[in-house]
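Chemist: Provided below for reference: sequence and predicted model.
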Amino acid sequence: MKVISGIFKGRKLVCRGKYKIRPTCRMIRKAIFDTLGSWVEGKKVLDIFSGSGSLGLEALSAGAKQVFFIEENSALVNRLRDTVSSLGMQECCVCLQGKVEKILGKLSGESFNLVLADPPYALASEQIEKIFNLILEKNLMEPEGFFILERPSWQESVYPSGYSVWKEKKYGQTVLTYFRPVINRKSRT
């Protein structure tokens, strides 16, 4: 698998093999970054359930100023750190190892313009909704931001309170939903 566009176009990413991950396919990555266009430039990104880091690395390649990766598998985090290092982007990337919920609880003071989530297919809708809620509770998302959720079309839809759907589209067996936070701008500090 390779980065599909931007400054790192053509660079290889870790994908299958012993890691047993399901990286976001080329068509889905292209759809996301074609939709966002130049909006990604200069933004701060959070890639949760990172796996190979394909979504966050595409954001970085598209001009994001900083990307935080959260992945539970320590071997994948080490491989992702190697990839980031090979790109010379260590100053722009933070690779965190652990359960998403636990790491999100420790990110106080951080705020992201874009959250990318491609959770494991086995993760229950309730768990996904819990993550959406935690991001709002911890004030981790900018009011003009996007939370993009990738899920299989056969999985139950998640429409958490505190978010509105900006766009939803099916690509084969995958559904992308672009959420915007519904945040009272006056209450943000």
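Modeler: Structure received. Please read these numbers as outputs of a predicted model, since none were measured by experiment.
Chemist: could you pull out the helices for the chain?
Modeler: 26-36, 54-61, 74-86, 100-105, 125-137 (DSSP state H).
Chemist: same question for the last one, mean pLDDT?
Modeler: For helix 125-137, mean pLDDT is 93.
Chemist: how far does that helix sit from the chain's center?
Modeler: 14 Å (Cα atoms, centre = their mean, to the nearest Å).
Chemist: ok, stretch 73-85 next?
Modeler: For stretch 73-85, the distance to the chain centre is 16 Å (Cα atoms, centre = their mean).
Chemist: for the spatially most central residue of the chain, list each beta-bridge partner.
Modeler: With distances taken as Cα atoms, centre = their mean, L116 lies nearest the centre of the chain, 2.0 Å away. Applying DSSP bridges to L116 gives these bridge partners: D47, I148.
Chemist: for it, what are its contacts?
Modeler: Applying Cβ atoms under 8 Å, 6 or more residues apart in numbering to L116 gives the contacts I32, V45, L46, D47, I48, L55, G56, A59, I148. No exception for glycine: its C-beta is placed from N, CA and C like everyone else's.
Chemist: that one and F179, how far apart?
Modeler: Remark: distance between L116 and F179 (Cβ to Cβ, to the nearest Å) = 12 Å.
Chemist: what is in contact with these two at once?
Modeler: By Cβ under 8 Å, 6+ apart, the residues touching both L116 and F179 are I148.
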